[in-house]
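Peer 1: I would like to see how this sequence folds:
(2 chains)
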Amino acid sequence: MSLDTDDIKAIAKLARLKIDEADVPLYATNLSNILDLVEQMNSVNTEGVVPMSHPLELVQRLREDVVTETDQRDEFQNVAPATQDGLYLVPRVIE
Amino acid sequence: MSNFYQMTLAELSTMLQAGDVSSTELTEHFLSRIKQHDATLNSFITVVKDQAMTQAAAADNALKNGAAGPLTGVPIAHKDIFCTRGVKTSCGSKMLDNFISPYDATVVSKFKQAGVVTLGKTNMDEFAMGSSSETSFYGPVRNPWNIDTVPGGSSGGSAAAVASRLAPAATGTDTGGSIRQPAAMCGITGLKPTYGLVSRYGMIAFASSLDQGGPMAQTAEDCALMLNVMAGFDEKDSTSLEMGIPDYSAGLDHSIEGLRIGLPREYFDAGLDKNVKAVIQGALDQYRELGAELVEIDLPNSGLSVPVYYVVAPAECSANLSRFDGVRYGYRCEDPQDLYDLYTRSRGEGFGAEVKRRIMVGTYALSAGYYDAYYLKAQQLRHLISDDFREAFNNVDVIMGPASPGPAFNLGEKVEDPISMYLSDIYTIAVNLAGLPGMSVPAGFVDGKPVGLQIIGNYFEESRLLNVAHQYQQHTDWHRQIPNNYK
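Peer 2: Down below sits the predicted model:
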């Protein structure tokens, strides 16, 4: 499996990662090598094998729908890059 | 100068309970060792001196008032992946360099409740993605046995700190070998529990179906003491197992006469360094002398563990790390032009190269049209890999082999070649894919570099693993070796 520089730019866009133009070829090489490694999976026929969803074959535990969290907004917003009046600030989205 | 650093958690605990030493003295002792040695090793990202001294004073009060538990007053270190209230929790990343956690991980809060003192937060591969502790934003950790070599990873800071006795024990996490491989390379004892035994709440997520926290210490006996604190149901973790927890120290002294040890042919093939193989063979001979029976077994699909892991782990990491958006916490780029620019530059500048590689591999594997070929296929193979172990455990009690294909490699040796780095976890990854418990135990040296024996158990067989490791340590002293510059 070989990825070219356009593939890398498309994947980076999907992943919301800014990649320096100069680094794109190296990422293309690295990711192609990783996908080559992953290709070894095709050496085994897995037709009919149930995909594993949990190591212990357990299903997701459910809980009662009750309020368990207390209001810690101010404390959580202390570590935010930018807030105002209890809101997170981001660049203008709607002109 | 006292020799507290040469003692195990169990020995320090006995001294504390007898009043032969105070928690304050011990905490000062280890803080001063960190100050003396860590400029070279770089095993800590943050040392919390003042908080540690306050916790030590509280522990001394509890000890005086008869309110102490088995570990009250011993100091340990936490891997910097565990959120610690009021303390920087960076996960080895520039992305979280400014993150002061507003809450405690369950593991951290359990140790606090047990009266254990936190010395600081240990260095690690960025977001636990690596096998050498070189991808940290805070620079590489050095192996105390040979500072030109890596300590393994991703819990390399914890492993180096315990090996050099800057801390008597530490916590770690293991997604593909990140407790066992550094424990092996640093000559300490590490345990990765059954998936779901130790709460993942507040443990910064990498690959949620594989991540598991565990103890890293000098001995199996110490790992049992720590697991007694760490294990147990937590309603805050939706994958935490609802089950009773045994006393992991209770069975340490059981005889292992008649123990059936499975040796996977695949773990002793041409990829294994011949000197490491000889060390492992020596450990197996010791087990035979202790009355164990050695049985050759097959794990036919284990060769696919690395390819399967490099689909599952990146896929889950690409989803988990989407939370780092430059909005709610963590790094934000300067002067963002619009929301897209804010997301992409904050993430592009905040994450290092290995993290970006894995996010991109995962994004690709999960993108439209590729899901069946990658993630679904990998999860099917994961079932086959697990079935191999189930089959094997019908016939044997534990499985043994090397923890790592070679001893510690040189700093920089594999950093440019991701694939060769990935292959250093070839013997540990299958255990995570299957969700099984596994240990690494010091078993000898190759050219002065430690070698670890891996012991794999069936689900929930932590007590047996600890018993099997403890019996070996009663008859060997590899685990008591301290590197020359730290004696």
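Peer 1: In stretch B:107-122, which of the residues would be classed as buried?
Peer 2: Across stretch B:107-122, burial judged by 16 or more other C-beta atoms under 10 Å in any protein chain shown covers B:107-112, B:114-122. In this view, the C-beta of every residue, glycine as well, is placed from N, C-alpha and C.
Peer 1: With stretch A:23-43 instead?
Peer 2: A:24, A:27-28, A:30-35, A:37-38, A:41.
Peer 1: again with stretch B:217-224
Peer 2: Buried residues in stretch B:217-224, counting neighbours by 16+ other C-beta under 10 Å, are found at B:217-224.
Peer 1: CSV please, covering those residues and showing secondary structure.
Peer 2: Converted to CSV, those look like this (DSSP: H, G, I helix; E, B strand; the rest coil):
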residue, secondary structure
B:Ala217, strand
B:Gln218, coil
B:Thr219, coil
B:Ala220, helix
B:Glu221, helix
B:Asp222, helix
B:Cys223, helix
B:Ala224, helix
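Peer 1: Return the member of these nearest to chain A.
Peer 2: Distances from chain A to the buried residues of stretch B:217-224, taken as C-beta to the nearest C-beta, are shortest for B:Cys223 (21.2 Å).
Peer 1: quick one on the thing from earlier: so which of the buried residues of stretch B:107-122 belong to helices?
Peer 2: Per DSSP state H, helices hold the following members of these: B:107-112.
Peer 1: ok, so of the residues you listed, who is nearest chain A?
Peer 2: Taking C-beta to the nearest C-beta as the measure, chain A lies nearest B:Ser109 of those, at 15.4 Å.
Peer 1: Count the neighbours of the residue of chain B found nearest chain A for me.
Peer 2: In chain B, the residue that lies nearest chain A is B:Gly435 (2.4 Å; C-beta to the nearest C-beta). Number of residues near B:Gly435 (other C-beta atoms under 10 Å in any protein chain shown) recorded here: 23.
Peer 1: swap in the one 5 residues further on?
Peer 2: A total of 36 residues lie near B:Ser440 under the criterion other C-beta under 10 Å.
Peer 1: In a strand, it, correct?
Peer 2: Yes - with three-state DSSP as the criterion, B:Ser440 is part of a strand.
Peer 1: Got the confidence number for it?
Peer 2: Note on B:Ser440: pLDDT of 98.
Peer 1: right, and it touches B:Gly401 too?
Peer 2: No - at 10.6 Å, B:Ser440 does not count as touching B:Gly401 under the criterion of C-beta atoms under 8 Å.
Peer 1: Farthest-apart pair in the buried residues of stretch B:107-122, please.
Peer 2: B:Gly115 and B:Thr122 (20.5 Å; C-beta to C-beta).
Peer 1: measure the residue lying closest to B:Pro140 once chain neighbours are set aside to B:Phe409 for me?
Peer 2: Distances taken as C-beta to C-beta, 6 or more residues apart in numbering or on different chains place B:Glu134 nearest to B:Pro140, at 4.3 Å, with adjacent residues excluded. Using C-beta to C-beta, to the nearest Å, B:Glu134 is found at 10 Å from B:Phe409.
Peer 1: Common neighbours of the two, please.
Peer 2: Here B:Glu134 and B:Phe409 have B:Val150 as joint contacts, going by C-beta atoms under 8 Å, 6 or more residues apart in numbering or on different chains.
Peer 1: Check which helices and strands the helix or strand of chain B with the lowest mean pLDDT is in contact with.
Peer 2: The helix or strand of chain B with the poorest confidence is helix B:418-422; it has a mean of 93 (mean pLDDT, DSSP states H and E). Counting by 3 or more C-beta pairs under 8 Å, 6 or more residues apart in numbering or on different chains; DSSP states H and E, the packing neighbours recorded for helix B:418-422 are helix A:24-38, helix B:305-320.
Peer 1: Tabulate those helices (JSON lines), appending mean pLDDT.
Peer 2: Below are the helices and strands packed on helix B:418-422 laid out as JSON lines (pLDDT from 0 to 100):
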{"stretch": "helix A:24-38", "mean pLDDT": "97"}
{"stretch": "helix B:305-320", "mean pLDDT": "97"}
